[in-house]
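# Sequence and computational prediction follow.
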Amino acid sequence: MLETSDNTGLQPDEPFAAYCQQALELVRWQLQSQLGPDYDLHLDISQGRERLAETIERLHQQGGTTPETRLASLFALSPVEQMSLWLAALPWIDASTRPLIANVAGHPWVSLQLCMNVFAANDNDRRTLWNCTQATSPWQRFGLVRLLPRGFDPNPLRHEIAPSTDLLGIFQGLRVLDGELDQLAYRSTPTLQRSDLSLHTQGLHDTLFTLVHNFWAQLTEPKEKIKLGGFAHPSGLALLLQGPEGVGKTSLLKALGHSLGVNLIIVEGEHFKGMPRAEAKRCILAMLRESALYSELLIVRHAEALVEKDRPYAAMLADGLMHIPAAIALCTKEMQPIHRSLEPCLSWRERLRAPKKQAEIRKLWQSHFQAHYGEDAEQPDFELLQSRYALEPLRIGRAVRSALMIQRSHHCELDRAARQQLPDTLGELARAEPAERRLHELVLAPELNERIIDIIEAARNRDRVLFEWKLAQSVRSGRGLCCLFSGEPGTGKSLCAEVIACELQLQLFRINTSQLFDKYIGETEKNLERVFQTARPSTHLLLFDEADALFSKRTQVRSSNDRYSNLNVGVLLQLVESYDGVVVLTTNLKHNIDRAFERRIMFKLVFPLPQAPERERIWRLLLPEGQVPTAEHIDYEALAELEVSGGEIKNAVMHAAYDAARQGKLLDNQVLMEAAYRSVSESGRLIREGE
């Protein structure tokens, strides 16, 4: 639909289509009159103008407007520029007119020279059309046309005029997206209503509704160029909505479009990354032009490339908004510095967060559930689902839809569908790993095993202690469970983190510490914030392997590197203290951990090398009797006499198995002992003479 609720856009009704057809026919007759005097043709032109005037009157009675009137009001086009656009569009809409154009101009395309010959009544008109060859002219500034050189003729007056795709659609009474936006954007008719939004965004919806409605209303009023403080006031309206993915930015804007009674143009901003500047400029002009022409709300999702301070596209967008009265909403994931040129164009900036109140979260689950299963369906325990998975609004809707498509019985599939909505990656920063090891599979000293149980039970009773016993009112920070596991490699530190995650039914997020650091100032802090923003305390366990690289002691500032290294540690300390979930840090160098961080650690566990009884249990666990084929009875007690870690025992078993397979025999004590000695020597540990 081209029509908008406040009649500020173009209307594709019957008078509008008739007007376009009659206007094109009149232009063709005017072109044909250049071939010589013709009384009948002169009469056709006169009658055509009368019919056109009648159609315009009908159009105005319906509250509509002609395309050139709309173009003139938005882009300040003169009458001769308006008529020349109709002529330029003629051969692109009706290819059968190209022979006529060739008879008049000597070539089958429309040029500015031909427009001068047909429409220029005086020197002022000729100067206006000559100015259309300049990049600063309305034609080219707003991307309405491009001048395409033909052959080797350097004279721009003889270049072919190529109108934009959306302009050709307008002149046919059609609503089509410009060709520049084919791979970037799509149009949508919003059906989401204000009542479908969570309670915490309905107030913002009302504010934005008033803002955008009044913006479009003032476009219909006569006005002069407004200047504030010596600077031109932007013609366009820009909104910036920031927040993690899934908090409801796009849903809010869809409901806003429905309330305004307008269609949406939705652009995927990620396509702008790496796009050549010339192409990006054409795309930006096209999407702003379409929003202005049709009074449609333009939404750019993942718009980081269009707003960040170190991107050239932000300046292009700002320049377009200064001259084109478009309404655009930019959606980004994170709070970030905005390009200086774009700041004056932002009419509203809002940070959206996921709802935290139980009533709001329950309403989200309930509204999605009833929309798919009906109001009479038996409702599951929404509070339990949310406490277990802590999903954002977008993911709640996806979970309910997925459960319905899997099986009609929601109680069987809703829990599994909700689990599937959990993010499983942070790109190169972290990855989700399966946690399948249970507590009974751990082989630890009895005291250490009890400490692991303490951690698991503390996590299970956390809500009871903090909220039922109301300790959360007095303990405002550091309420999460931060654990430090220190010890030599292979002693079971990472394995214990997996066991804790499995017992608590949490997803294990292993943080890639090498990817957190970035050579650019401020990027390391951004990476750290992304990790803690994406992780959910109720569903994720964060594992920082070799954490001494991140949590190392702060040093005296002797260089800029020291200053920024200390800053990273400070940011990390704040993030860990404010995180309400389980964080496990493993290190081989406990003495390198910053002391300020140590006081924030609730559980500090030291993992020694296993003693002989534990080593024997590990050998038996990895080589269970009767399951792995062996050439003889394995002497587990003799193997346990060798002082090795659990990780070294695992490596020894695998080395021995590969050596036996290579020799074409089964595992025996000699192969296992040789592999164990090799693991010890490779680790650099000394072997006593008796062994």
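Structure received.
# For residue 91, identify the helix or strand it belongs to.
Applying DSSP states H and E as the criterion places residue 91 in helix 79-93.
# got the contact list for the following helix or strand past that helix?
Per DSSP H and E, the first helix or strand lying C-terminal to helix 79-93 is helix 98-105. Contact with helix 98-105 is made by 28, 31-32, 34-35, 90-91, 107-111, 113-114, 117, as judged by CB atoms under 8 Å, 6 or more residues apart in numbering. Where you see a C-beta, it was placed from the backbone N, CA and C, and this is true even at glycine.
# Make a ChimeraX selection of whichever of these turn out to be buried.
Entered in ChimeraX, the line below selects the buried ones among the contacts of helix 98-105, by 16 or more other CB atoms under 10 Å:
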select :28,31,32,90,91,107,109,110,111,113,114
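# quick one on the thing from earlier: pLDDT on the helix holding residue 91, on average?
In this model, helix 79-93 carries a mean pLDDT of 94.
# Report all helices and strands that it contacts.
helix 14-32, helix 67-75, helix 98-105, helix 112-119, helix 123-131, helix 138-141, strand 160-163, helix 165-170 (3 or more CB pairs under 8 Å, 6 or more residues apart in numbering; DSSP states H and E).
# Name all residues that make contact with residue 416.
403, 406.
# Would you confirm that it belongs to a strand?
No. Counting by DSSP: H, G, I helix; E, B strand; the rest coil, one finds residue 416 to be helix, located in no strand.
# Now residue 300: which helix or strand?
Short version, using DSSP H and E: residue 300 is in strand 297-301.
# What average pLDDT does that strand get?
Strand 297-301 comes out at a mean pLDDT of 95.
# Please apply the same query to stretch 471-485.
On average, stretch 471-485 scores 82.
# How far does it sit from its chain's centre?
32 Å (CA atoms, centre = their mean, to the nearest Å).
# Okay, buried residues for it please.
Under 16+ other CB under 10 Å, the buried positions of stretch 471-485 are 478, 479, 480, 481, 482, 483, 484, 485.
# Endpoints of that stretch, how far apart?
27 Å (CA to CA, to the nearest Å).
# Residues touching that stretch, excluding its own?
455, 458-459, 462, 465-466, 493, 496-497, 500, 537, 547, 576-587, 590, 593, 598, 600-605, 607.
# Likewise for stretch 45-55?
15, 18, 19, 22, 23, 25, 26, 29, 30, 33.
# Where is the longest helix in the chain?
Looking across the chain with DSSP state H, the single longest helix is helix 39-61.
# same question for that helix, mean pLDDT?
Helix 39-61 comes out at a mean pLDDT of 87.
# Show me which positions of that helix end up buried.
For helix 39-61, a neighbour-count test (16+ other CB under 10 Å) marks 44, 45, 48, 52, 55, 56, 59 as buried.
# what angle do it and helix 14-32 make?
If you take axes from the mean of the first three to the mean of the last three CA atoms, to 10 degrees, helix 39-61 sits at 150 degrees to helix 14-32.
# Tell me what angle helix 39-61 forms with helix 67-75.
Using the same axes, to 10 degrees: helix 39-61 against helix 67-75 is 60 degrees.
# starting at the chain centroid, how far to helix 39-61?
Worked out by CA atoms, centre = their mean, helix 39-61 lies 51 Å from the chain centre.
# Export only the CA atoms of that helix, formatted as PDB.
This file holds the C-alpha atoms of helix 39-61, laid out as PDB (Å, rounded to 0.1, in the frame of the first residue of the first chain):
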ATOM      1  CA  TYR A  39      -3.200  20.500 -35.700                       C
ATOM      2  CA  ASP A  40      -4.700  17.100 -34.600                       C
ATOM      3  CA  LEU A  41      -1.800  16.600 -32.200                       C
ATOM      4  CA  HIS A  42      -2.200  20.100 -30.800                       C
ATOM      5  CA  LEU A  43      -5.900  19.400 -30.200                       C
ATOM      6  CA  ASP A  44      -4.900  16.000 -28.400                       C
ATOM      7  CA  ILE A  45      -2.500  17.900 -26.100                       C
ATOM      8  CA  SER A  46      -5.100  20.500 -25.300                       C
ATOM      9  CA  GLN A  47      -7.800  17.900 -24.500                       C
ATOM     10  CA  GLY A  48      -5.200  15.800 -22.600                       C
ATOM     11  CA  ARG A  49      -4.400  18.700 -20.300                       C
ATOM     12  CA  GLU A  50      -8.100  19.200 -19.600                       C
ATOM     13  CA  ARG A  51      -8.600  15.600 -18.700                       C
ATOM     14  CA  LEU A  52      -5.500  15.700 -16.500                       C
ATOM     15  CA  ALA A  53      -6.900  18.700 -14.700                       C
ATOM     16  CA  GLU A  54     -10.100  16.800 -14.000                       C
ATOM     17  CA  THR A  55      -8.200  13.800 -12.700                       C
ATOM     18  CA  ILE A  56      -6.200  16.100 -10.400                       C
ATOM     19  CA  GLU A  57      -9.400  17.500  -9.000                       C
ATOM     20  CA  ARG A  58     -10.800  14.000  -8.300                       C
ATOM     21  CA  LEU A  59      -7.500  13.100  -6.700                       C
ATOM     22  CA  HIS A  60      -7.600  16.100  -4.400                       C
ATOM     23  CA  GLN A  61     -11.100  15.400  -3.400                       C
END
